[in-house]
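Undergrad: Quick one: sequence plus predicted model below, questions after.
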Amino acid sequence: MKACHEITISYSLKIYKCCVCKNSLWPFFKFARCQACELRLHCNCQSQLKHLCRPIQGGISSSSEHSVRANPINFLETNLQIDIATASNDFSINNYRVLKLIARGSFATVYLVKDKVSGDLFAMKIYSEEKAQNIDLGFGISLTAVANNEIEILSSLDHPNIIQLLEVIKSGNQDWLCLVFELANDHILTSQKAIEPPMSEKQARNIFIQLVKGVEYMHKNSIIHCDIKPENLLFKDNVLKICDFGISQRIISGSSVKLRAQGTRAFFPPEMCNSNKEEIEGAPLDIWAMGVTLYYVVFGVLPFQGDAVLELYDSICNSKLTFPEKCSAGLRNLLEGMLWKDYTKRMTLKMIKAHEWLNI
């Protein structure tokens, strides 16, 4: 039977929401079928399924409309039998041939894969749902929720400086989920130790300008990244790609995000280290992390350090920001503005773009 979305074992999805409960819809995990167009969609309310196929423009936000993504994400299924926990290479998932293991973590595995038709290379991140459902990352957040959040956020973003999620593959008979990304495999740096030598200000400026453009686009679309750091900045053909949106948050109303423990402590702003509030301002959080990242890129060390968590938090909240003698006056002024401990006085993206050091 011909469906209005031309689905067989695969289909494309822009962004949909339920007309009843207003929740976003996901075509995996628990399946529901729209009575109007046969498109399989899931809605938490599980009612009036015939109304669930109405598209909206871009993401899920009550405050503003977002642009429709030019290339919708493909959502696919497969009946492949594979033990993801032990597999390394020499297997295929749908049209992708796995070439080599890139990284294996506790919760997900990343592979370099090749499209068997086009020959193009991609990065594939595979989550084990069985493990994910049993892992609590704190504040009631499971790894499954992190994977779903990354899909939902990236579904509504389309910018040259943000990594593109191209496809989601759900196993039909096994508990694993594949996310296929454009390949951007050049890290700018690693923030685990001091760098010798650090980047020049000219090199750092080129990276930072692209970072500003990507973050500005996210914020305009009501997305706060919440984990900006060098490891989450990749390069593809000299173009910066911001990645890892698992703990990012969409601002539904106001300008605050929920205060959570996820992220990288060395990049936490002071308001995350000493706040008893359930929510903090979203944009200043990303601005602070951008400042720490820029400082690290140029000087090779983190601006605030501590051997233990409480010592690190004390340094972030109370230590004075210092600079090497080689630091230019313009960069020093920019970093002081971005790393202002009082978030109400911290630089905004508009102020950063207008700063003389960037020359945007």
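TA: Sure thing, it's come through.
Undergrad: Tell me which helix or strand residue 297 sits in.
TA: helix 282-299 (DSSP states H and E).
Undergrad: Stretch 344-355 spans what distance, first to last residue?
TA: End-to-end distance of stretch 344-355: 18 Å, with CA to CA, to the nearest Å as the criterion.
Undergrad: same question, stretch 320-338
TA: 14 Å.
Undergrad: which of the residues in that stretch are buried?
TA: If you call a residue buried by 16 or more other CB atoms under 10 Å, then stretch 320-338 has these buried ones: 323, 327, 331, 334-335, 337-338. (Glycine included, C-beta is placed from N, CA and C.)
Undergrad: Domains in this protein, by residue range?
TA: Domain segmentation of the chain under automatic domain parsing yields 1-56, 73-182, 186-353.
Undergrad: what mean pLDDT does the last one have?
TA: Right, domain 186-353. Averaging pLDDT along domain 186-353 gives 89.
Undergrad: how about the strands of the stretch 51-200 of the chain, start to end?
TA: 73-78, 92-93, 96-104, 108-115, 121-128, 165-171, 176-182, 186-187 (DSSP state E, counting those that start in this stretch).
Undergrad: Just put those in a markdown table and tack on mean neighbour count and distance to residue 296.
TA: Shown next, in a markdown table, are the strands of the stretch 51-200 of the chain (neighbours: other CB atoms under 10 Å; distance: least, CB to CB, whole Å):
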| stretch | mean neighbour count | distance to residue 296 |
| --- | --- | --- |
| strand 73-78 | 19 | 32 |
| strand 92-93 | 18 | 36 |
| strand 96-104 | 15 | 21 |
| strand 108-115 | 20 | 23 |
| strand 121-128 | 20 | 24 |
| strand 165-171 | 21 | 27 |
| strand 176-182 | 22 | 24 |
| strand 186-187 | 13 | 13 |
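Undergrad: quick one, what contacts the residue nearest to residue 343 when sequence neighbours are not counted?
TA: Take residue 343 and drop its neighbours on the chain: the residue closest to it by CB to CB, 6 or more residues apart in numbering is residue 284, 3.9 Å away. Residue 284 sits next to 269, 271, 343, 346 when contact means CB atoms under 8 Å, 6 or more residues apart in numbering.
Undergrad: List the buried residues in the longest helix seen in the chain.
TA: Longest helix in the chain by number of residues, with DSSP state H as the criterion: helix 201-220. By neighbour count with 16+ other CB under 10 Å, helix 201-220 contains the buried residues 201, 204-205, 207-219.
Undergrad: That one packs against which elements?
TA: With contacts taken as 3 or more CB pairs under 8 Å, 6 or more residues apart in numbering; DSSP states H and E, helix 201-220 sits against strand 239-242, helix 282-299, helix 349-353.
Undergrad: Out of the ones you listed, which one sits most buried?
TA: The highest mean neighbour count among these, using mean count of other CB atoms under 10 Å, belongs to helix 282-299: a mean of 24.
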